[in-house]
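> mind folding the following:
(chains A, B and C)
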Amino acid sequence: MKYWLFKSEPDDYSIRDLATAPEQTAKWDGIRNYQARNFLRDQVSLGDHVLFYHSQCKHIGIVGTAEIVRAAYPDPAQFDENSKYFDPKASFETPRWFCVDIKHQTSFKREISLARIKANPALAEMVLLKQGRLSVQPVTEQEWQAIMAMAER
DNA sequence: GCCAACGTTGGC
DNA sequence: GCCAACGTTGGC
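Coordinates of the predicted model:
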């Protein structure tokens, strides 16, 4: 069992959108960064747990959790000429980008703000704080437990 | 809206 | 393969 942190701009897609989606499930597509792609394609597995993070908004932080309900498959948007995620260099034979499906698990009453994350010594080594721009990133079990201890349901 | 950090592109 | 130019992310 592994743990991850997925970033989303809530104006684009929020934890509330996920919680109210059909079957509380969504396709996590549009990832167009190679490092994030490699995690999605090679390491994110069915049943893994996800911290849902809101970026570029008023209340930046971790807002809930989700679970991987489908492992990596080619992101259909790369083949769609009308999508902003279209990639002319991708083909069905050699897809370049991948997505997974996630299902909502919990929404926190209050977000665990970035400021509180930075203030917690147990979280000092989080990839979130080390590598600010990575939108799919691993989380250790210890970090997961520390986050859960801070969360109000 | 600004700007730092960092990823990507493309000329050489 | 290097590196400058450029684009994007994301906190503030």
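> can you get me a residue count around the one residue in chain A that gets nearest to DNA strand B?
Shortest chain A-to-DNA strand B distance, computed as CB to the nearest atom of the strand: residue-wise this is residue A:34, at 4.1 Å. Where you see a C-beta, it was placed from the backbone N, CA and C, and this is true even at glycine. Using other CB atoms under 10 Å, the number of residues around residue A:34 comes to 11.
> now it. Its backbone dihedrals?
Torsion angles at residue A:34 (phi, psi; degrees, to the nearest 10) stand at phi -70, psi -40.
> name the residues that touch stretch A:101-109?
The contact list for stretch A:101-109 (CB atoms under 8 Å, 6 or more residues apart in numbering) reads A:6, A:15-16, A:18-19, A:21, A:23-28, A:49-50, A:62-70, A:151-153.
> sorry, wrong one. I was asking about stretch A:58-67.
Outside stretch A:58-67, the residues that reach it (CB under 8 Å, 6+ apart) are A:5-6, A:10, A:14-15, A:18-19, A:47-54, A:102-108, A:111-114, A:116-117, A:147, A:151.
> what ranges do the strands span in chain A?
For chain A, applying DSSP state E gives strands covering A:3-8, A:25-28, A:49-54, A:61-74, A:98-113, A:136-139.
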